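A.B. asks: Here is the input, now give the coordinates:
(one chain, ligands or ions: 1)
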Amino acid sequence: MNRITVSAPGKLMLLGEHAVVDNHPCLVTAVDQRMRVTVEILDILEFQLEAMDVNVTGYRKPLRELGVGDIPKGAKFVEIAIKNINEKYPIKTGLKITTTSEFSSQFGFGSSSASTVCVVKALSQLLKLKLTNKEIFDISYKTVLDIQGKGSGFDVGAAVYGGTLYFVTGGKMIEPLKIRSLSLIVGYSGVKADTVTLMNNVKVTFANKQDRLTKIYNDIEDLVNQAKVVLVKGDLKTFGELMNKNQKYLQELGVSIDKLDNMIKGALAAGAYGAKLSGAGGGDCMIAISPENKEKEVERRIKQAGGEIIDVATNAEGVRIES
Ligand code: MEV
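C.D. replies: Residues are numbered from 1 along each chain as shown. A predicted model of the protein is given here:
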């Protein structure tokens, strides 16, 4: 075999963002919009990358220079993932990687983590490394930390395992939840958010209020634990109420923005059980859960507030080999 294509799902955070970076649990669901990565073996000892979605074309360098020099932003995750594999399992052939995405890298669906996971899975298969899902998670999470310096790895977990997960920082716990399908309404704010900047903003805002931050994170953990139980039971009304409580804490953390708040207000006014931002905040997407007969009106009100509805199914399959 000298060519393989692998895909992995994007993700949406259901509850627990920010707190999860600080050793608390969160709930995350994988979405059916996927990242696709093709890896081909080359005769020359080069790393080549085509990643049109993130404006990288014709990128190439000798394998021995992996991770060295200025790496374009769009190439970082793939290149460092290969470097990390190479350090553990020396690679003796050149590689051409092509990535394509079913979703915009602007949505905050975790395209970087999903492509990292695809690369690790593809190389495990091509080089016959027989990596387990946990080993794929660990190499991919290390890659994210090497580049971003921080992050919980929940997006990596969703890309590897798929489904809906109760996830604790760094994969200390990755528990797949048995839920029936979860119908989420997703509204994109049109504003691009930078996760690391938002995490740093929270740190700065609460530099002198550490006790309050600890209390908020403990309270969010309680919400996540309650939400896990009601989600498995299929009690979406209570789940929605817990989302609303979580959103209040996210506002207090200072990571919501007017645009998201207005989209959320619109969704609730239209009869949604609950609505909140999803992810780091500062932009990206909000999510809402609604009685079925009110979904259309919820969508209309989100659009009225300037949001774009993104059509996704939740609980999607984790990383898989396509061909
Ligand atoms: C970002 O989508 C969610 C955060 O909790 C960061 C992380 O968990 O890595 C803010």
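A.B. asks: Those residues of the stretch 151-300 of the chain touching the ligand, which are they?
C.D. replies: Residues of the stretch 151-300 of the chain lying close to the ligand by CB under 6 Å from any ligand atom are 151, 152, 154, 195, 199, 279, 280. The way it works is simple: take the backbone N, C-alpha and C, and place the C-beta from them, glycine included.
A.B. asks: Going by distance to residue 265, which of these wins?
C.D. replies: Of all these, residue 265 sits closest to residue 279, with 18.8 Å by CB to CB.
A.B. asks: burial of the closest one, as a residue count?
C.D. replies: 26 (other CB atoms under 10 Å).
A.B. asks: try residue 123
C.D. replies: Residue 123: 26 surrounding residues under other CB under 10 Å.
A.B. asks: now do residue 176
C.D. replies: Counted with other CB under 10 Å, the neighbours of residue 176 add up to 15.
A.B. asks: Find the nearest non-adjacent residue to it, please.
C.D. replies: Distance criterion CB to CB, 6 or more residues apart in numbering; nearest residue to residue 176, sequence neighbours excluded, is residue 163 at 4.8 Å.
A.B. asks: Show the pLDDT at that neighbour.
C.D. replies: Per-residue pLDDT puts residue 163 at 98.
A.B. asks: just the one 10 residues further on next, same as before
C.D. replies: Among the per-residue scores, residue 173 holds a pLDDT of 98.
A.B. asks: Make sure it is actually in contact with residue 157.
C.D. replies: No. Counting by CB atoms under 8 Å, residue 173 stays clear of residue 157, with 9.7 Å between them.
A.B. asks: Any buried residues in stretch 95-109, and which?
C.D. replies: Buried positions in stretch 95-109, judged by neighbour count with 16 or more other CB atoms under 10 Å: 95, 96, 97, 99, 100, 101, 102, 103, 105, 107, 108, 109.
A.B. asks: about what we covered before: distance to residue 308, secondary structure and pLDDT added to the residues of the stretch 151-300 of the chain next to the ligand, as CSV?
C.D. replies: Shown next, in CSV, are those (distance: CB to CB, whole Å; DSSP: H, G, I helix; E, B strand; the rest coil; pLDDT from 0 to 100):
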residue, distance to residue 308, secondary structure, pLDDT
151, 26, coil, 97
152, 27, coil, 98
154, 24, helix, 98
195, 20, helix, 96
199, 25, helix, 97
279, 16, coil, 98
280, 18, coil, 98
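A.B. asks: Of those residues, just say which sits nearest to residue 55.
C.D. replies: Each of those was scored against residue 55 by CB to CB, and residue 195 proved nearest at 19.5 Å.
A.B. asks: Give me the neighbour count for the residue nearest to that closest one when sequence neighbours are not counted.
C.D. replies: In this structure, residue 195 finds its nearest non-sequential neighbour in residue 280, 4.1 Å apart by CB to CB, 6+ apart. Residue 280 has 24 neighbours, counted by other CB under 10 Å.
A.B. asks: wouldn't residue 280 be in contact with residue 198 here?
C.D. replies: Yes. With contact defined as CB under 8 Å, residue 280 reaches residue 198; the gap is 4.1 Å.
A.B. asks: anything in contact with each of those two?
C.D. replies: 18, 255 (CB atoms under 8 Å, 6 or more residues apart in numbering).
A.B. asks: Helices along the stretch 151-300 of the chain, start to end?
C.D. replies: 154-161, 195-205, 210-233, 236-253, 258-269, 295-304 (DSSP state H, counting those that start in this stretch).
A.B. asks: Out of those, which is the most enclosed?
C.D. replies: helix 154-161 (a mean of 31; mean count of other CB atoms under 10 Å).
A.B. asks: May I ask you to confirm that residue 28 belongs to a helix?
C.D. replies: No. Counting by DSSP: H, G, I helix; E, B strand; the rest coil, residue 28 is not part of a helix but strand.
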